Structure formats: structure tokens, C-alpha cells
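A.B. asks: 3D, please:
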Amino acid sequence: MARFTLPRDVYHGKGSLEALKTFKGKKAIICVGGGSMKRFGFLDRAVGYLKEAGMEVSIFDGIEPDPSVETVMRGAQAMAEFGPDWIVAIGGGSPIDAAKAMWIKYEYPECTFEDMCKVFGIPELRKKAHFCAVSSTSGTATEVTAFSIITDYAKGVKYPIADFEITPDVAIVDPELAETMPQKLVAHTGMDAMTHAIEAYVSTANCDYTDPLAIHAIEMIMKDLVPSYNGDMDARHRMHNAQCLAGMAFSNALLGIVHSMAHKTGAAFADYGAHIIHGAANAMYLPKVIAFNAKDEMAKKRYGVIVDYMGIADGNASDDEKVAALIAYLRKMNDDLNIPHCIGHYGADSYPTQTGFVPEDVFLGRLHDIAVNAIADACTGSNPRQPSVEEMEKLLKCCYYDTEVDF
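C.D. replies: Presented below is the predicted three-dimensional model:
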């Protein structure tokens, strides 16, 4: 028996933020990030709509990118003190992911972070509050998923929380919020969405319900991501839907080792000022993982189906030729989005806001532990080809040096 779970309601299209007016409840807490939602007026609008619905409103703000365990605990404490019956998370993946984890702790104060990380082991929620997610970026799709990513900075590891219980009750996918994304964020979130759709399609947990969502998302992203990056707002609106469809697919079909590797490398070099942004990590690793997975015949055939829908190879091409065409297309897309091809090129030169890069000796010194952690990641189990630790080390080296995957 399999399960397919989505939010009960998905409000989409311009102006759909107004759906907050229709909510029934007494108290709502809004969880938000660093300031863009306030700066562009969306936070005030959300507060106004919830008050119009007759609710008392509290704000928990300042949720950092890649939220920490400490932030989750502080937010849960704020919820315990306020007692909301609605949790509304607005912004990118970080505030929504953080709010999901806060929700668990709010409903079950005795629950530890370690308890939260037990895959599909969270007790029944909605005893105290329902959850609404309002996405402002076009990539993570956490507004419709059963996942949350929280970082333990003491360990330098990102941990996925996975359970259908944290699938939001309501998702609001209003493209007006996505219009405010800076160009680099458009690139990173867009390639995150592409990775979601491709990994969902070749996942061992794919099914008839997830495949159409994944394929249509890939077709939309192929058409609209680069134009969105270049400022086409109609394309950006369509990307906001595309990433949500990709999220619906992967929340139910699960993911693969592109995400396992991204989770375990993202914060692994933060002490060198080289935080590898999640979407950029996915973009760099995806072509390498496709080459690795294509050694599995079923995965190779499914990559071929993706290529058929994309129309980027000759109709008489072999499955191997189709895989090569997909890898070449994704690398070209990275070029168009100004995303480096490997960890070794990801640093202060290509990302001026960073203070450092990942030195080769540091990468090699931490390689084994990263590989072990990636193997243990919740996303690895549904990858079509299960790597050994040695193979994961080799794959990570390919992602550092941008070398060919031949194993």
C-alpha cells in the first residue's frame, strides 16, 4: 500500500494571499524570515487579512536562512506562550521549514530534535494548531511537502524531517510574492525545483500519481526558468506553479542522493565561509548523479522518458545517448544561470558575498565523514542506485573536481 498526501487546500494565482481572510480561528502566529516580506508589504497584508478574519496575531520574525535547531526551539517557546490555533509561515523555504519543526515542538513539548528526525515517526499533529504555508520563492515547494530541513551548526549537518504529519493544511501559491526574488535566488530555487522533479521521476517510490506531476514540472521549468532568471515576469509566475507541482511529486515519490549530498555538504565548510547554497549544490551535483544512476537500467530508461518529453534528443537516440543529452542540457542550463559546475569552483570569485571557498585539503579531510552522513540521509533510500561509502566518496570527488563519473 502506498500513500499520496497533499494540503487540503491549495490557493494559487495572483491575489491568493487574500485567502487568509477566510480562516477560522482565534489566534494566529506568523513565522517570517529576515525582512523581504515586510519590506515589500506582504507581511502587513497577511496580518491585515488575519485580523479581518477576527484573529489576534503575533509575529515570530528573524528566521535565518538554513534555520538552526536553536531557532526552532525559540519559535516553539513563542508559540507555547501565545497559544495559536493557526501557524502561518510566509517566505522562502527557511521560515516555512522552521515553522514546521516549531509546530511539532509546540504540540509535543517533550519532543526532542532527535525525535523529530526519526523518519515518518512524528505523532499526530493538529491537536493545538493548523498550518498554512505561503511561499515567496519558486523552488523548495515546502508549502506542499512532508519535509523540513533544519541545520545543526554544531555538527555542520543539515537534517531532513520527514513525515506526512507536517504537510501543511493550506498552501498559498501567490506569484506576486515571487516577483520580488533577486536574480541569483531565481537561479538557485529554480534548479532546486528541477532536481525535485527529476529525482521524483526516477525515485524507487515513484507511482502513477507522482509521474505526471514530475514530468509536467520538468517541461514547465525547461521552458520558463531561464526567461524568469532574465526578468520575464510571466515566466516567473509560471515557475511558481511549476515548482509547486515538483513539490507535490517529490513529497510523495521522495528524492535521491543529489539531495543527500546537498544536505551533508551545505554547512560542512561554513567555518571557511563557504556555505554551499542548497539550490546551487543540487545544480552542481545533479548531472553527476544522473551519470551514476544511469548504470541502473530502470533509471536509465526513466531518464530517457524525461528526455523524450523534453524533446532534446533525436527520436532514434539510444538510452545512453538520451542520458548524455540530459546531462549536457542541465550543464548548459547551469551556464545560463551562472551556477558553477563543481564545489572547487564555488567560492569567493563566483559568489562575491561569500568570504571563502572550499580548500582542497579541507574537502579531502572531511570527505569520508560527509560520505557516511550522505549515505545515512533520509533521501538515500529511494535513490535508484544505492552507493557504497567508497562510491559516495568517488561521487563527491567528481562533484568537487568536475570530473567524469565512470563507476
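A.B. asks: Enumerate every residue touching the closest residue in space to S382 that isn't next to it in sequence.
C.D. replies: Nearest non-adjacent residue to S382, counting by CB to CB, 6 or more residues apart in numbering: L254, 3.8 Å away. Backbone N, C-alpha and C define where each C-beta goes, glycine included. By CB atoms under 8 Å, 6 or more residues apart in numbering, the contact set of L254 is A200, S203, T204, A205, C379, G381, S382.
A.B. asks: Let me know whether the fourth one touches G256 as I believe.
C.D. replies: No. Taking contacts as CB atoms under 8 Å, A205 lies outside contact range of G256: 10.0 Å.
A.B. asks: so what's in contact with those two at the same time?
C.D. replies: S382.
A.B. asks: more neighbours, those two?
C.D. replies: Using other CB atoms under 10 Å as the criterion, A205 and G256 rank with G256 on top: 30 against 14.
A.B. asks: contacting residues around the nearest residue to that one once chain neighbours are set aside?
C.D. replies: Distance criterion CB to CB, 6+ apart; nearest residue to G256, sequence neighbours excluded, is N383 at 3.8 Å. For N383, the contacting residues are E199, S203, T204, L255, G256, I257, S260, N293, by CB under 8 Å, 6+ apart.
A.B. asks: Need the max-distance pair from these.
C.D. replies: The largest separation in the contacts of N383, counting by CB to CB, is between T204 and S260 at 13.8 Å.
A.B. asks: Looking at those two now, which is surrounded by more residues?
C.D. replies: Taking neighbours as other CB under 10 Å, T204 and S260 compare with S260 leading, 26 against 16.
A.B. asks: So the more buried one: helix, strand or coil?
C.D. replies: With DSSP: H, G, I helix; E, B strand; the rest coil as the basis, S260 sits in helix.
A.B. asks: repeat for V134
C.D. replies: strand.
A.B. asks: Provide a list of residues in contact with it.
C.D. replies: Applying CB under 8 Å, 6+ apart, the residues near V134 are L17, F42, A46, V88, A89, I90, G91, E143, A171, I172, D174, L177.
A.B. asks: quick one: contacts of stretch 111-124?
C.D. replies: 69, 72-73, 101, 104-105, 107-108, 150, 152, 159-166, 378.
A.B. asks: What are the contacting residues of stretch 30-47?
C.D. replies: 17, 20, 50, 57-65, 75, 87-92, 94-96, 98-99, 102, 134, 136, 176-177, 180.
A.B. asks: Buried subset of those residues, written for ChimeraX?
C.D. replies: Here is the ChimeraX command that picks out the buried ones among the contacts of stretch 30-47, judged by 16 or more other CB atoms under 10 Å:
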select :17,20,50,57,58,59,60,63,75,87,88,89,90,91,92,94,95,96,98,99,102,134,136,176,177
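A.B. asks: Which ones among the contacts of stretch 30-47 lie within strands?
C.D. replies: Applying DSSP state E to the contacts of stretch 30-47, the entries found in strands are V57, S58, I59, F60, I87, V88, A89, I90, G91, V134.
A.B. asks: Redo those residues as JSON lines? Include distance to I218 and pLDDT.
C.D. replies: Listed next are the ones in strands among the contacts of stretch 30-47 as JSON lines, based on distance: CB to CB, whole Å; pLDDT from 0 to 100:
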{"residue": "V57", "distance to I218": "39", "pLDDT": "98"}
{"residue": "S58", "distance to I218": "40", "pLDDT": "98"}
{"residue": "I59", "distance to I218": "37", "pLDDT": "98"}
{"residue": "F60", "distance to I218": "36", "pLDDT": "98"}
{"residue": "I87", "distance to I218": "32", "pLDDT": "98"}
{"residue": "V88", "distance to I218": "31", "pLDDT": "98"}
{"residue": "A89", "distance to I218": "27", "pLDDT": "98"}
{"residue": "I90", "distance to I218": "28", "pLDDT": "98"}
{"residue": "G91", "distance to I218": "26", "pLDDT": "96"}
{"residue": "V134", "distance to I218": "25", "pLDDT": "98"}
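A.B. asks: Among the residues you listed, which one sits closest to K223?
C.D. replies: Proximity of the ones in strands among the contacts of stretch 30-47 to K223, judged by CB to CB, is greatest for V134, which lies at 25.2 Å.
A.B. asks: Distance check, the closest one against D174.
C.D. replies: 7 Å (CB to CB, to the nearest Å).
A.B. asks: Looking at the contacts of L254, spot the one nearest G247.
C.D. replies: When the contacts of L254 are compared against G247 (criterion: CB to CB), the nearest one is A200, at 9.1 Å.
A.B. asks: Summarise which helices and strands the helix or strand where that closest one lies is packed against.
C.D. replies: Secondary structure assignment for A200, by DSSP states H and E: helix 183-202. Packed against helix 183-202 by the contact rule (3 or more CB pairs under 8 Å, 6 or more residues apart in numbering; DSSP states H and E) you find helix 211-229, helix 233-253, helix 257-265, helix 278-293, helix 297-310, helix 319-336.
A.B. asks: buried set for that helix?
C.D. replies: 184-202.
A.B. asks: For that helix, output the C-alpha coordinates as PDB.
C.D. replies: Written as PDB, here are the backbone C-alpha positions of helix 183-202 (Å, rounded to 0.1, in the frame of the first residue of the first chain):
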ATOM      1  CA  GLN A 183      18.200  37.000  -9.800                       C
ATOM      2  CA  LYS A 184      20.500  34.600  -8.000                       C
ATOM      3  CA  LEU A 185      17.700  33.300  -5.900                       C
ATOM      4  CA  VAL A 186      15.700  32.700  -9.000                       C
ATOM      5  CA  ALA A 187      18.500  30.500 -10.400                       C
ATOM      6  CA  HIS A 188      19.100  28.500  -7.200                       C
ATOM      7  CA  THR A 189      15.400  27.900  -6.400                       C
ATOM      8  CA  GLY A 190      14.700  27.000 -10.000                       C
ATOM      9  CA  MET A 191      17.400  24.400 -10.100                       C
ATOM     10  CA  ASP A 192      16.200  23.000  -6.800                       C
ATOM     11  CA  ALA A 193      12.800  22.600  -8.400                       C
ATOM     12  CA  MET A 194      14.300  20.900 -11.500                       C
ATOM     13  CA  THR A 195      16.200  18.500  -9.200                       C
ATOM     14  CA  HIS A 196      13.000  17.700  -7.200                       C
ATOM     15  CA  ALA A 197      11.100  16.800 -10.400                       C
ATOM     16  CA  ILE A 198      13.900  14.700 -11.900                       C
ATOM     17  CA  GLU A 199      14.700  12.800  -8.700                       C
ATOM     18  CA  ALA A 200      11.000  12.200  -8.000                       C
ATOM     19  CA  TYR A 201      10.600  10.700 -11.500                       C
ATOM     20  CA  VAL A 202      13.400   8.200 -11.100                       C
END
